[in-house]
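Student: Just to be clear, the model below is a prediction. Sequence and coordinates:
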Amino acid sequence: MLFDSHMHTRFSADSEMKAKDAVEKAASEGIGIVFTEHLDYDFPSEADFTFDPEAYWKEYEPIRSHTLRLGVEVGMRASTEKRSRAFIARVPFDLIIGSLHILGGRDLYDAEAYEGKERADVYHQYLAKMEASIRSHDFINVLGHIDYIARYAPYENPDLTYGEFRPEIDQVLRAVIQTGIVLELNTRRLGDRHAIKELVPIYQRYYDLGGRYVTFGADAHRAMDVGKYFHEAEEIADQTNLQIVTYVERRMERCWRP
């Protein structure tokens with residue numbers, strides 16, 4: 001079955017989703033799920049994007065099954081890499097996502113991260129930081145939402161356009177492939193056909209460079225969003241010849257479709 005391999009329950013500072021509700025929604029969609037709570041040390045806000053992994057495991061391990069796995073989304077920063085590495089060793093997570101949420105000490109969700117800066121400069125810096133982070137965080141399984149910046153950047157055109165940033169995107173994709181991790185196809189923006197148009201060339205280039213696998217992740221913080229836009233994600237995977245996978249006990253597992 002397909003898996004939604006990226007979502008957040010109440011163990012994440014920005015979510016109140018209950019495990020029971022996520023499990024029920026996944027069952028109604030006929031998919032499996034992976035909880036991936038936020039770990040982002042020293043986050044530049046009042047929110048605490050850390051959690052107690054032992055408490056997490058104690059609460060959710062009894063419901064862990066062939067359709068429910070337990071993971072973590074690690075915010076990739078050079079200053080926190082050692083602590084993140086130690087954190088993930090504390091319990092036997094099924095899946096480790098690595099993501100870039102902070103640039104220049106600012107939360108990319110925050111408009112102040114972009115004030116007085118040209119779009120091209122910010123995006124070049126974002127992609128360079130992403131490549132370096134992939135190579136230094138060799139414990140991750142998946143690169144989360146390569147287009148995260150496009151959700152919040154306040155520019156007229158926020159999309160991460162392959163034709164515009166080809167050299168830098170290629171460097172990120174090569175880092176993914178060379179380190180043996182997998183690229184996530186985050187479905188958050190797939191309700192926008194223009195976003196799909198801009199994303200397809202990135203995933204096609206990933207295949208052309210040697211990438212073969214993607215995970216699907218709705219990045220749900222509400223049960224109603226579990227598995228959202230998976231039909232569109234399947235179309236992209238088919239168009240780019242990429243195999244859909246998930247992880248169990250840090251091992252890749254291919255997803256099957258009826």
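Tutor: Okay, I see it.

Student: Name the SS class of the nearest residue in space to A223 that is not next to it in sequence, please.
Tutor: Nearest-residue entry for A223: D21, 3.7 Å, with adjacent residues in sequence omitted and distances by C-beta to C-beta, 6 or more residues apart in numbering. Just so you know, the C-beta spots here come from the backbone N, C-alpha and C atoms, and that holds for glycine as well. Following DSSP: H, G, I helix; E, B strand; the rest coil, we place D21 in the helix state.

Student: again with K25
Tutor: Criterion first, three-state DSSP; result for K25: helix.

Student: Quick check: it vs Y114, distance?
Tutor: K25 sits 34 Å away from Y114, going by C-beta to C-beta, to the nearest Å.

Student: V122 now?
Tutor: 6 Å.

Student: Which of these two has more residues huddled nearby?
Tutor: Between V122 and Y114, counting by other C-beta atoms under 10 Å, Y114 is the more crowded of the two (21 against 18).

Student: Mind pulling up the pLDDT for the more buried one?
Tutor: We note a pLDDT of 97 for Y114 in this prediction.

Student: Can you name the residues that contact it?
Tutor: Counting by C-beta atoms under 8 Å, 6 or more residues apart in numbering, Y114 touches 122, 153-155.

Student: 10 Å instead, please
Tutor: Contacts for Y114 (C-beta atoms under 10 Å, 6 or more residues apart in numbering) come out as 103-104, 106, 108, 121-122, 149, 152-155, 158.

Student: farthest-separated two in those?
Tutor: G104 and P158 (17.3 Å; C-beta to C-beta).

Student: Compare these two (neighbour count), which wins?
Tutor: Neighbours were counted for G104 and for P158 using other C-beta under 10 Å; P158 has more, 19 against 13.

Student: how about that one, secondary structure?
Tutor: coil.

Student: go on, the one 3 residues further on?
Tutor: Classification of T161 using three-state DSSP returns coil.

Student: ditto for M252
Tutor: strand.

Student: got it, and N241?
Tutor: Here N241 is coil, with the state taken from three-state DSSP.

Student: which helices and strands does the helix ranked longest in the chain pack with?
Tutor: For the chain, the longest helix by residue count, based on DSSP state H, is helix 119-136. When contacts are defined as 3 or more C-beta pairs under 10 Å, 6 or more residues apart in numbering; DSSP states H and E, helix 119-136 packs onto helix 81-88, strand 95-99, strand 102-103, strand 142-143, helix 149-152, helix 166-178.
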